[in-house]
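Colleague: I need the structure of the sequence given here:
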Amino acid sequence: MYTIFVPRSGAFVGALLFAVQPIHSEAVTGVVGRCEMLSTMFAILLFLIGTSATVKVWTRNVTMPFLLFLALFSKEQGITITAICAVYEIFCRQQLMWSDVMIGIRDLVREKPKLHPAFGRAAGRLWALGAATIVLLLWRLRIMKGQLPVFTAFDNPASTSTFPTKHLTYIYLLPLNLWLLIFPNPLLCDYTMGAVPLVKSFADPRNLATVLFAFAVAKLSVRALNSNCLEDRCALLMSLSWIVFPFLPASNLFFPVGFVVAERILYMPSVGFCLLVAYGYPRVIRLVTSRQVGLKYIGTLSVTIAVLAFGLRTYVRNGDWKSEHTLFRSGLKVTQANAKIWNNIGHALEKDKNLSAALVFFTSATTAQPDDIGAWNNVGRTLNALNRSVEAEAAFRTAKALLPQPKPGQKYQTRIAPAHLNVFLNLGAIMARNPARLEEADQILRQAISLRSDYVDAYINRGDVLLKMNRTDEAVAVYKKALEFNAENPDVFYNLAIVYLERQDPNTALEFFNKALSVKPDHQLALLNSAVLMGEMKKLEYHGTIEQRLKDVLKTEQNPNAYFQMGLLMMDRSDPVGAEQFFRKTIELKEDHKSALFNIALLLNNRKKQDEALPFLLRLVHDNEDHIKGWILLGDIYINQMKNYTAAEAAYRQVLIVEPDNFQALHNYCVTLVEQNKFAAAETCMGDLAEKMKDDRGYLTTHFKTIFDRLHRRKLIHENDGTVPVFK
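Modeller: Okay, here's the model as predicted:
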């Protein structure tokens, strides 16, 4: 592209400089920067097609709007290529001077305007691109719903300042960005918060940089617009156009943006900067050579040194982008006044499960920026994860106090960043753990909803709190209100399913589980719980669906509950071997899974493998002394298979301690006493059993009589020294 405007030697230098420009490191190495690269690529392709004299008209009119679409939806600044093409068409292809343009503008206001024919030719070449620009802009605005994103004062401190701080800072950022292109050192991953101090007065020495920048741009613009040399005019105008137009959306001049300086934003403007260097290089060489031949080599050497320096700086900067840790720690070497950098290191440590170290960095963020709501929220979350709830609540309350507060006598209107509203969710979650504070938690969540009526997460959390308060109908109403703002939220559908489960309405619950999965097929909780529900419904036609959903859960994580449900499914399919394998896998993942321990013991007992069942039962009752079925099964194995009546007696006694009215345990307990010749205790037990079952004649004349007869027979044998007396 550079060869269109400058000699090949200059174009080579410009392209080489673009290739090694350190400011590109963020755009190239960071995933988020790929949008800048794509947008620039499509913009350059569009420009090359627009400037080509060999491309057919219909091809140009179809291809350019399509490339504009790709550039715009890669990154918003891609739309500015239309302005660049317009400048090229008017000043380069049509060869109009600035004076011609001014005359044309003046003629437009006449009653009978008479425009230069060149304007008509330019419009004929650009009409398709212009129409596409208008349509795409309207489409983009519709996607944004006519609203700009919400940014905080920490993202762009100048945006919330007043005159002259706001205006002086905004215009100072222009030379600062240019300086990063010229001298990219030091570079920083985040320039928000305190990284670039505000320009608060006209006496600030940084205003001198602004004045020098304005003078240089004005001088260059005048030269570009009034040059009689078409080659110079085109090269300078294209350099300025590629620098200025792509940067305008990020300049804060039209609307505030969510950053102070962003290196990736300079990717497309650097095309113009390098073109300007490509334009100046051969002219400088020619100028110095005309004075002294030896200076030519000094000029070439200087460019070589600059390219090598840029290349080395790029190599070092790429090392900073190796990982989150290296990137953010490199930022601390530049400035420690930016709370976001401290927070980002904390987040990186949080991902590594190093919560104690993360807390240190989050706390440092609150020191660097005491009014940073996000930092206090991070401190609270980390303390909460470390089970330091009291301190966590104090941190959340500090964050909440930093939010915009209503003023007495005035209507409360404010725009709060969504991330900051999480303070209410976190605070409500801590309160909801205490049943006595559920009302307080509900109040906090209602306050969050009052600040942002479409805050779906607040509705979901409030619904959960209402369920804990047994206000089921209100919970359903809250969840349905959330669906009004987000009709495709799988978590809302899931929560509604849980509500209907509690209402003993499994069919409706399953319907909502299925809705959650239709929106998000990999919703883990919906997959697992719907499989559990279908298993409990005992319908053969559900078996295939149950198996598939459980397998989908296991694709994502080794979930012990999913393996347990697979085991139950195998039991329903009369596949004890398969069931045993799944139960063993469940216990392998969670040693104290009591349902798996009991079911595998029951399964092994039914398969006459009592020796294998016994260790599972012993582990079960050791951790769960109140597990009635476990103790009864253990007693049955002892009494029926191992004839260990002492151990069986202990097992049934434990059942009776937990559940004194358990008839089965009392019956078997009496049997163990009889078998051990504990006659007095057995007679007392039989008396208790007879009293308990006095209304069941069938039992008394069968099972009870059998035990009673056995007791008296053993008693007679014992009293006659082991012989049975013969009565005549």
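Colleague: Quickly note the distance from Val217 to Val303.
Modeller: 24 Å (CB to CB, to the nearest Å). Every residue, glycine included, has its C-beta placed from N, CA and C.
Colleague: Asp688 too?
Modeller: As judged by CB to CB, Asp688 and Val303 stand 105 Å apart.
Colleague: for the helix or strand of the chain with the lowest mean pLDDT, the distance to its chain's centre please.
Modeller: Taking mean pLDDT, DSSP states H and E as the measure, the chain has helix 98-108 as its least confident helix or strand, at a mean of 78. Computed by CA atoms, centre = their mean, to the nearest Å, the chain-centroid distance of helix 98-108 equals 52 Å.
Colleague: List the buried residues for that helix?
Modeller: By 16 or more other CB atoms under 10 Å, the buried positions in helix 98-108 come out as 98, 100-101, 104.
Colleague: since we're on Val525, how many residues are nearby?
Modeller: To be clear, residue 525 is Leu; Val isn't right here. Counted with other CB atoms under 10 Å, the neighbours of Leu525 add up to 16.
Colleague: for it, what are its contacts?
Modeller: Tyr494 (CB atoms under 8 Å, 6 or more residues apart in numbering).
Colleague: Which parts of the stretch 351-500 of the chain are helices?
Modeller: 355-368, 373-385, 389-402, 418-432, 438-451, 456-468, 472-485, 490-502 (DSSP state H, counting those that start in this stretch).
Colleague: Just the C-alpha atoms of the fourth one, please, in PDB.
Modeller: What follows is helix 418-432 as a C-alpha-only set of coordinates in PDB (Å, rounded to 0.1, in the frame of the first residue of the first chain):
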ATOM      1  CA  PRO A 418     -22.900  -3.900  36.300                       C
ATOM      2  CA  ALA A 419     -19.800  -5.200  38.000                       C
ATOM      3  CA  HIS A 420     -20.300  -2.900  40.900                       C
ATOM      4  CA  LEU A 421     -23.800  -4.100  41.500                       C
ATOM      5  CA  ASN A 422     -22.300  -7.500  42.400                       C
ATOM      6  CA  VAL A 423     -21.600  -6.000  45.800                       C
ATOM      7  CA  PHE A 424     -25.300  -6.400  46.500                       C
ATOM      8  CA  LEU A 425     -25.300 -10.000  45.400                       C
ATOM      9  CA  ASN A 426     -22.200 -10.800  47.500                       C
ATOM     10  CA  LEU A 427     -23.600  -9.000  50.600                       C
ATOM     11  CA  GLY A 428     -27.000 -10.700  50.200                       C
ATOM     12  CA  ALA A 429     -25.300 -14.200  49.900                       C
ATOM     13  CA  ILE A 430     -23.500 -13.700  53.200                       C
ATOM     14  CA  MET A 431     -26.700 -12.600  54.900                       C
ATOM     15  CA  ALA A 432     -28.700 -15.500  53.400                       C
END
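Colleague: as a whole number, average confidence for that helix?
Modeller: Mean per-residue pLDDT for helix 418-432: 91.
Colleague: try the first one
Modeller: Here helix 355-368 scores 95 as its mean pLDDT.
Colleague: before we move on, what about stretch 15-35?
Modeller: 92.
Colleague: got the buried residues for it?
Modeller: Going by neighbour count (16+ other CB under 10 Å), the buried part of stretch 15-35 is 16-18, 20-29, 33, 35.
Colleague: And for stretch 626-642?
Modeller: 627, 630-639.
Colleague: Can you pull up the most central residue in this protein?
Modeller: Ala419 (11.3 Å; CA atoms, centre = their mean).
Colleague: Once you drop chain neighbours, what's closest to it?
Modeller: Gly374 (6.2 Å; CB to CB, 6 or more residues apart in numbering).
Colleague: The one you found is in contact with Ala153, isn't it?
Modeller: No - assessed by CB atoms under 8 Å, Gly374 is found out of contact with Ala153, at 11.7 Å.
Colleague: which one of the two has more residues nearby?
Modeller: Gly374 (23 against 16).
Colleague: so how far is Phe616 from that one?
Modeller: Counting by CB to CB - Gly374 and Phe616 are separated by 49 Å.
Colleague: Can I get the strand or helix carrying Leu176 in PDB, CA atoms only?
Modeller: Assigned by DSSP states H and E, Leu176 falls within helix 165-182. Extracted as PDB, the C-alpha positions of helix 165-182 are listed here (Å, rounded to 0.1, in the frame of the first residue of the first chain):
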ATOM      1  CA  THR A 165      -9.500  19.300  34.100                       C
ATOM      2  CA  LYS A 166     -11.600  17.300  31.700                       C
ATOM      3  CA  HIS A 167     -10.700  19.200  28.600                       C
ATOM      4  CA  LEU A 168      -7.000  19.700  29.300                       C
ATOM      5  CA  THR A 169      -6.600  16.000  30.000                       C
ATOM      6  CA  TYR A 170      -8.500  14.900  26.900                       C
ATOM      7  CA  ILE A 171      -6.300  17.000  24.600                       C
ATOM      8  CA  TYR A 172      -3.100  16.100  26.500                       C
ATOM      9  CA  LEU A 173      -3.900  12.400  25.700                       C
ATOM     10  CA  LEU A 174      -3.400  13.200  22.000                       C
ATOM     11  CA  PRO A 175       0.300  14.000  22.200                       C
ATOM     12  CA  LEU A 176       0.700  11.200  24.700                       C
ATOM     13  CA  ASN A 177      -0.600   8.600  22.200                       C
ATOM     14  CA  LEU A 178       1.700  10.100  19.500                       C
ATOM     15  CA  TRP A 179       4.700   9.900  21.800                       C
ATOM     16  CA  LEU A 180       4.000   6.200  22.400                       C
ATOM     17  CA  LEU A 181       4.300   5.700  18.600                       C
ATOM     18  CA  ILE A 182       7.500   7.600  18.500                       C
END
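Colleague: need the contact list for Ala86.
Modeller: Ala86 touches 122, 126, counting by CB under 8 Å, 6+ apart.
Colleague: how far does the helix or strand where it lies sit from the chain's center?
Modeller: Using DSSP H and E, Ala86 sits within helix 81-87. Remark: helix 81-87 is offset 37 Å from the chain centroid, using CA atoms, centre = their mean.
Colleague: buried sites along it?
Modeller: 81-82, 84-87.
Colleague: rewinding a little: measure the residue nearest to Ala419 to Trp139 for me?
Modeller: 33 Å.
Colleague: cool, and Phe66?
Modeller: 14 Å.
Colleague: before we move on, what about Asn606?
Modeller: From Asn606 to Trp139 the distance is 67 Å (CB to CB).
Colleague: which of these two has more neighbours?
Modeller: Just comparing Asn606 and Trp139: by other CB under 10 Å the higher neighbour count belongs to Trp139, 13 against 10.
Colleague: mind checking the SS state of the more buried one?
Modeller: helix (DSSP: H, G, I helix; E, B strand; the rest coil).
Colleague: May I have the distance across stretch 330-342, first residue to last?
Modeller: 11 Å (CA to CA, to the nearest Å).
Colleague: buried sites along that stretch?
Modeller: If you call a residue buried by 16+ other CB under 10 Å, then stretch 330-342 has these buried ones: 330-332, 334-335, 338-342.
Colleague: out of those residues, which are inside helices?
Modeller: Among these, the residues falling in helices (DSSP state H) are 330-332, 334, 339-342.
Colleague: Which two of these have the greatest separation?
Modeller: Taking CB to CB as the measure, these span a maximum distance of 16.6 Å, between Ser330 and Ala339.
Colleague: The spatially closest residue to Phe18 that is not a sequence neighbour: what's it in contact with?
Modeller: The shortest distance from Phe18 to any non-neighbouring residue, by CB to CB, 6+ apart, is to Cys274 (4.2 Å). By CB under 8 Å, 6+ apart, Cys274 lies in contact with 2, 14-15, 17-18, 21.
Colleague: cool, and Ile416?
Modeller: Taking CB under 8 Å, 6+ apart as the contact definition, Ile416 lies against 150, 403-404, 451-452.
Colleague: buried subset of those?
Modeller: 451-452.
Colleague: show me what contacts Tyr542?
Modeller: 534-535.
Colleague: Cool, thanks, signing off.
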